[in-house]
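K.L.:
For reference, the sequence and a predicted model appear below.
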Amino acid sequence: MSRQTRTPFGAARASLVALLGSFGLASGLFVVLLALTYLGTLDQVEHGLLHAQQTYFDALLVWQPVGPVAVPLPGARLVLGLLALNLLFSSMARMDFRWSRIGVFAVHTGFLVLLAGGLISYTNAERGTIVLREGEPESGYLRENSWEVVLQPPDAAEAIIADVRPDGTIQDRDVPGGLSLAGIEPNALRGEDGSLIGMPVDEDPRKNTAGAMLVSGTSGQGVSLAVLWQGDPKPAAITIAGESWHASLRRKAWPLPCSLELIEFTRETHPGTDTPSAFSSELLRADGSVQERAVISMNAPMRYKGYTFYQSSWGPQNAGPGVPRYSVLEVARNPADRVPLYACALIAFGMVVHFGQKLVVFLRRPNAGPLV
């Protein structure tokens with residue numbers, strides 16, 4: 001009786017395992033991944049690398065416009081997660097661990113290493129943006145949702161620069177009591193009543209004026225002290241422990257191992273259109289007394305001391321002749337930056353070994369004909 005009760009659940013579990021490890025699921029996932037790569041490449045040309053990455057590759061779900069409607073597609077993060085499960089289940093169910101199967105084992109291991117590298121990159125990589133203009137060297141970059149609050153104590157010559165944690169809390173031993181930010185707007189306007197009005201985020205982070213509510217205590221539960229807005233000409237006056245302080249909000253600039261200066265930005269368009277076919281930036285990289293020139297283009301990033309700089313976008317998009325453009329670079333510091341190279345080398349090794357073994361077996365057959 002108990003065996004009959006467990007049979008449907010056992011059959012359902014076996015069916016689920018078979019589905020997750022099936023060749024059909026793997027084929028479908030690779031087709032979807034190919035489509036996302038194609039759509040992301042087209043999006044990158046028009047909107048830049050960062051927009052394409054956030055829309056197609058960092059998302060679980062993508063709403064792809066098709067005429068007047070939007071069709072839902074699985075994002076690359078979801079596809080890669082399912083592909084990792086597929087490889088794991090198919091390897092456990094079908095892999096025959098013999099020396100004659102070393103090539104197949106290497107290919108599967110290479111794909112798992114590739115997916116593991118993607119997971120490490122997603123959880124540990126540091127990404128940000130730097131905007132370069134001609135004649136204006138920059139030695140820091142801005143991260144998304146990375147803020148700091150400048151607090152001026154009473155009768156103190158130096159201000160306190162306190163980092164804002166992801167949960168909005170501000171903790172600094174020189175600040176009495178706990179402070180937090182609530183309702184952070186990356187780009188906002190101040191209304192007539194003093195409240196913040198959220199605005200679309202500009203691709204140039206220096207054009208965004210962030211705002212947030214400074215509260216005493218836990219974010220969402222504390223006592224409101226002031227509205228901090230980057231567009232205010234003066235810091236906001238607040239009271240902490242019965243004393244008058246001043247506070248202001250700004251994006252945190254993360255230092256780079258070198259300074260970068262834009263020498264010239266070049267954009268090429270398709271003949272007879274304004275659609276860009278390629279764009280690149282010629283830079284002057286200065287590290288101490290050493291100065292070198294470098295060129296960053298759409299498919300040729302610059303790597304330097306653990307950082308990778310990608311050509312992301314530019315502006316103004318509709319600038320006329322003679323109007324200087326600025327170049328937008330994406331900055332990444334990724335501990336798994338070389339993992340895809342090693343994974344692809346392992347996959348290539350496995351394919352060479354596997355098909356080489358098949359070729360040797362074929363040539364050893366008595367009735368094997370010529371290869372040409």
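P.N.:
Everything's here; your move. Residues are numbered from 1 along each chain as shown.

K.L.:
Counting residues, which strand of this structure comes out longest?
P.N.:
The longest strand of the chain (DSSP state E) is strand 243-269.

K.L.:
After that strand, heading C-terminal, what element do we hit next?
P.N.:
Counting by DSSP states H and E, the next helix or strand C-terminal to strand 243-269 is strand 276-287.

K.L.:
Could you pull out the buried residues of that following strand?
P.N.:
By neighbour count with 16 or more other CB atoms under 10 Å, strand 276-287 contains the buried residues 276, 279, 280, 281, 282, 283, 284, 285. Glycine gets a C-beta too; all of them are placed from N, C-alpha and C.

K.L.:
and what of stretch 327-337?
P.N.:
327, 328, 329, 330, 331, 332, 333, 334, 336, 337.

K.L.:
avg pLDDT for it?
P.N.:
Mean pLDDT, stretch 327-337: 88.

K.L.:
what do you get for stretch 252-265?
P.N.:
Mean predicted confidence for stretch 252-265 is 91.

K.L.:
same thing with stretch 216-229?
P.N.:
Stretch 216-229 comes out at a mean pLDDT of 74.

K.L.:
and if you look at stretch 11-23?
P.N.:
78.

K.L.:
which regions of the stretch 51-200 of the chain sit below the pLDDT cut-off?
P.N.:
Counting by pLDDT under 70, the stretch 51-200 of the chain shows low-confidence ranges at 94-96.

K.L.:
residue ranges for the helices of it, please.
P.N.:
Using DSSP state H, counting those that start in this stretch, the helices of the stretch 51-200 of the chain run over 76-94, 102-124.

K.L.:
Output those helices as JSON lines; include the columns mean neighbour count.
P.N.:
What follows is the helices of the stretch 51-200 of the chain, written out as JSON lines (neighbours: other CB atoms under 10 Å):
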{"stretch": "helix 76-94", "mean neighbour count": "17"}
{"stretch": "helix 102-124", "mean neighbour count": "17"}
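
K.L.:
Could you say which one of the ones you listed comes nearest to residue 12?
P.N.:
Nearest to residue 12 among the helices of the stretch 51-200 of the chain is helix 76-94; the distance by CB to CB comes to 15.2 Å.

K.L.:
elements contacting the closest one?
P.N.:
If you count contacts as 3 or more CB pairs under 8 Å, 6 or more residues apart in numbering; DSSP states H and E, helix 76-94 packs onto helix 2-20, helix 23-47, helix 102-124.

K.L.:
What's opposite the nearest residue to residue 184 once chain neighbours are set aside in the beta bridge?
P.N.:
Distance criterion CB to CB, 6 or more residues apart in numbering; nearest residue to residue 184, sequence neighbours excluded, is residue 212 at 4.3 Å. With beta bridges defined as DSSP bridges, residue 212 has these partners: residue 228.

K.L.:
any idea of the pLDDT on residue 212?
P.N.:
At residue 212, pLDDT is 90.

K.L.:
Please parse this structure into its domains.
P.N.:
14-94, 100-124+335-365, 126-139+257-333, 142-254 (automatic domain parsing).

K.L.:
Figure out how far the shortest one is from the centre of its chain.
P.N.:
Pointing back at domain 100-124+335-365 there. 25 Å (CA atoms, centre = their mean, to the nearest Å).

K.L.:
likewise the first one?
P.N.:
The gap between the average C-alpha position of domain 14-94 and the chain average comes to 16 Å, counting by CA atoms, centre = their mean.

K.L.:
What degree of burial does residue 184 show, as a neighbour count?
P.N.:
Residues contacting residue 184 under the criterion other CB atoms under 10 Å number 18.
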